[in-house]
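**Q** Next one to model:
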Amino acid sequence: MFKIFIASCAFVLLLSQTVTVPANNNGAEGSPLPLRTLINDGEIESKYDGFNRETVVTLKKMRVTCGKAKGIESALHGTCVSLKASLHCPGVQLDYVRYAKLQLFFETQDWDKRHPLEERELIVVADGQQFRLGRMTLVKQDVNGVKLVDVMAEVLELSMPYKTFNAIARAEIVEMKVGKTLFDLQPGNIEALRELNNRVKF
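**A** Residues are numbered from 1 along each chain as shown. Presented below is the predicted three-dimensional model:
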């Protein structure tokens, strides 16, 4: 009876553990294993997309800042910013990344803080190195009701070479600017991007 009790406790303890998969573990027969890890409120997962024939490793949407403006010219005051990033590997492998994708989420009660077409250029400064990544694409722009308050939700997206993403993810200080919106990534955001980067071989 005592042995059954010990075995039951061990089984429950095993189920409660978070399974940690090594960053470059491709699993059996070279197939990437599904990854779900919580890193500073940023969940990372890996799955195969059969339609596009690629393995996508994704850092799910995580908060960057909310209403903290940087500089007098910043349009960030009263705006919440979040990000999402993904690495796209052709086929069933994690040895080569074709490109990286970044999404930025802006939520505000002020419709004047939308990013019109001419104010969607993304500039990133990573440890002093500047990357002019081009114009972001509008994915969504609508109104969400939050606690009886209408909030403008805007999602912008941009793809970049993996080499550029690698440099950003390995930096200690990262600043981003979209139009007049200027903000720093928090240490937790950078750590999450670095962990995402560690899921592939580089």
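**Q** Buried residues in the host helix or strand of residue 163, which are they?
**A** Per DSSP states H and E: residue 163 is located in helix 162-169. Using 16 or more other C-beta atoms under 10 Å as the test for burial, helix 162-169 gives 162, 164-169. All C-beta spots, glycine's among them, are computed from the backbone N, C-alpha and C.
**Q** Would you mind measuring from the closest residue to residue 124 other than its chain neighbours to residue 138?
**A** Leaving aside its sequence neighbours, residue 124 sits nearest to residue 131 (C-beta to C-beta, 6 or more residues apart in numbering; 4.6 Å). Residue 131 sits at a distance of 21 Å from residue 138 (criterion: C-beta to C-beta, to the nearest Å).
**Q** can you check residue 61 too?
**A** From residue 61 to residue 138 the distance is 17 Å (C-beta to C-beta).
**Q** what sits against the closest residue to residue 138 other than its chain neighbours?
**A** Leaving aside its sequence neighbours, residue 138 sits nearest to residue 156 (C-beta to C-beta, 6+ apart; 6.1 Å). Residue 156 sits next to 103-104, 106, 115, 120, 122, 136-139, 178 when contact means C-beta atoms under 8 Å, 6 or more residues apart in numbering.
**Q** Parallel or antiparallel, which strands does the host helix or strand of residue 156 pair with?
**A** Per DSSP H and E, residue 156 falls inside strand 149-160. Strand 149-160 pairs in its sheet with strand 99-108 (antiparallel), strand 137-146 (antiparallel), by DSSP bridges.
**Q** Deepest-packed of these, please.
**A** Most buried of the strands paired with strand 149-160, by mean neighbour count (mean count of other C-beta atoms under 10 Å): strand 99-108, with a mean of 20.
**Q** Contacts for the helix or strand following it next, please.
**A** Per DSSP H and E, the first helix or strand lying C-terminal to strand 99-108 is strand 121-126. Strand 121-126 is contacted from outside by 102, 104, 130-136, 156, 158, 167-168, 171, 173-179, using C-beta under 8 Å, 6+ apart.
**Q** hmm, which of these are the buried ones?
**A** Buried among those by 16+ other C-beta under 10 Å: 102, 104, 131, 133, 136, 156, 158, 167-168, 171, 174-179.
**Q** Count the residues that sit near residue 50.
**A** 8 (other C-beta atoms under 10 Å).
**Q** Look up how far residue 150 lies from it.
**A** Going from residue 50 to residue 150 by C-beta to C-beta gives 39 Å.
**Q** try residue 119
**A** With C-beta to C-beta as the criterion, residue 119 and residue 150 are 22 Å apart.
**Q** Have a look at those two and say which one is more surrounded.
**A** Set residue 119 next to residue 150 and count neighbours by other C-beta under 10 Å: residue 119 wins out with 14 against 11.
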